[in-house]
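1. Any chance you could fold what I've pasted below:
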Amino acid sequence: MSINLHVTGFSKFGNVLHNPTMDLVDNIRQIVSIDTTGLLTHPKLVQAPELSLIVPKNTTFQSEIVEVSVPSVNEYFMRKAVEIVARDLESPSQNIDFFLHLGVHGGATTLCLEEFAYNLADFRIPDEAQRQPRNQPICAPEGKIKYLSELADSLTEALAALAEREGIPLAAALEDCKRVVLGSGMRMDAALHTGLRVREVLQEAGFTLGDSNSCPQPPSACAAAMPTNDPGSFLCNYIYWLSLHWTRVLAPRLRTVVASVRAALGRDSNSCVVAHPKALGATTSLFVHVPPFEVAPAPAQTQSLVRVLAAAVASVMEGGRVTSEVVGGEGEESKDEAELAPSERVEGAADGDMACAEVCAWTLGQGECVCGWLCTRRRRERSSGIQGV
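-> Just a heads-up that it's a prediction; the model follows:
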């Protein structure tokens, strides 16, 4: 098994001339080292040896600062998708990809671990490419969004190049790939859950949780952190939606495409990519809004973020804290080793409010919602706006 960590921050935007996430990503990059024994450590700013995490020796760490613009975010995920599919075609090992995205929230006083992303682009200001979509879906049903068309083209071009290089027929796989990507659009009201049980991640990271409305108390010298459900409707939500759309929707559905190509290449008779639930797609993403450094200094935020990263990766490796997801073109469900109920309460929700623990049929435009109020209506009811990326 291989763990691949992807961490992103944003560059300047609007009146934010220096985005603090640029510094935080660089701090995390310097702190997180993966030595030859497969030990994920953080010796520089975090003196917490109990958080050292044993990971496979071939664990990788990649970080990137993304421009605050729709084209740059689209390009990032198209590039990552092609890289991940190409890697899983070449490697017989079980690959897990974990994405941690950071964005600044000008009004925050704590780190905000976002549990949901929403299929909504409603920019209050133009992005750095001078684009300003208003009240539009990010991934519309029936592939009527340029991003999905471009992603389908990028993946099929990569497969076609492979077919030509290897001299094998992959016409069916190319059609399947295009069908999967173009068919992954969703209703504009749709919400995707991180897949992580965020409060448990915070507890394992050393934060002391009080009642559902209180802010988790941080370990010594760390910034406070709390779970929230509102990533806004600007580029923070946009990148989070595309990230979860990949990890929770597209990657699981592309398992069969990867398996068929590996079989055609003679690399698998029964591909582990299909057989093992932690293969392509059984991974997830987390978005964290960070406050300005004037509110919480960079070293304290960095310590908290590294703790959260270590705890989240441990949760993904254990499997028991990743909620279920829909896989395959027909929407059949695939559970992780720890069987989970179709719906689970979200901490802090009012009586009767339920949150979807999986990507439901309603969200995918394939049937009626069975997830309850929170999953389908939270966007309409939530407060009007995070003043951040």
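2. Pretty sure residue 244 sits in a helix.
-> Yes: secondary structure of residue 244 (DSSP: H, G, I helix; E, B strand; the rest coil): part of a helix.
3. how many neighbours does it have?
-> 26 (other C-beta atoms under 10 Å). C-beta: built from backbone N, CA, C; applies to glycine.
4. Over to residue 199?
-> Neighbouring residues of residue 199 were enumerated by other C-beta under 10 Å; the total is 19.
5. just residue 75 next, same as before
-> With neighbours defined by other C-beta under 10 Å, the count for residue 75 comes to 16.
6. Give me the residue ranges of the stretch 151-300 of the chain where confidence is low.
-> Within the stretch 151-300 of the chain, the set of residues satisfying pLDDT under 70 comprises 210-214, 267-282.
7. residue ranges for the strands of it, please.
-> With DSSP state E, counting those that start in this stretch, the ranges of strands along the stretch 151-300 of the chain come out as 191-193, 225-228, 284-290.
8. Quick one: closest of these to residue 14.
-> strand 284-290 (15.5 Å; C-beta to C-beta).
9. Give the other helices and strands that that closest one contacts.
-> helix 20-31, strand 95-104, strand 111-114, helix 235-244, helix 298-318 (3 or more C-beta pairs under 8 Å, 6 or more residues apart in numbering; DSSP states H and E).
10. averaging pLDDT over each of these, which comes out lowest?
-> When the helices and strands packed on strand 284-290 are ranked by mean pLDDT, helix 298-318 comes last with a mean of 86.
11. Just the buried positions in it, please.
-> By neighbour count on 16 or more other C-beta atoms under 10 Å, the buried set for helix 298-318 is 298, 300-317.
12. Test my guess that residue 265 contacts residue 165.
-> No: assessed by C-beta atoms under 8 Å, residue 265 is found out of contact with residue 165, at 10.5 Å.
13. ok, those two, which is more surrounded?
-> Ranked by neighbour count (other C-beta under 10 Å), residue 265 and residue 165 place residue 265 first, with 15 against 8.
14. quick one, what contacts that one?
-> When the contact criterion is C-beta atoms under 8 Å, 6 or more residues apart in numbering, the partners of residue 265 are 89, 166, 168.
15. If we use 10 Å, what do you get?
-> 89, 90, 162, 163, 166, 168, 170 (C-beta atoms under 10 Å, 6 or more residues apart in numbering).
16. Looking at the residues you listed, which is nearest residue 250?
-> Nearest to residue 250 out of these is residue 89 (C-beta to C-beta; 15.5 Å).
17. In the helix or strand hosting the closest one, which of the residues would be classed as buried?
-> Here residue 89, judged by DSSP states H and E, is contained in helix 70-90. Within helix 70-90, the residues scored as buried using 16+ other C-beta under 10 Å are 70, 72-78, 80-82, 84-89.
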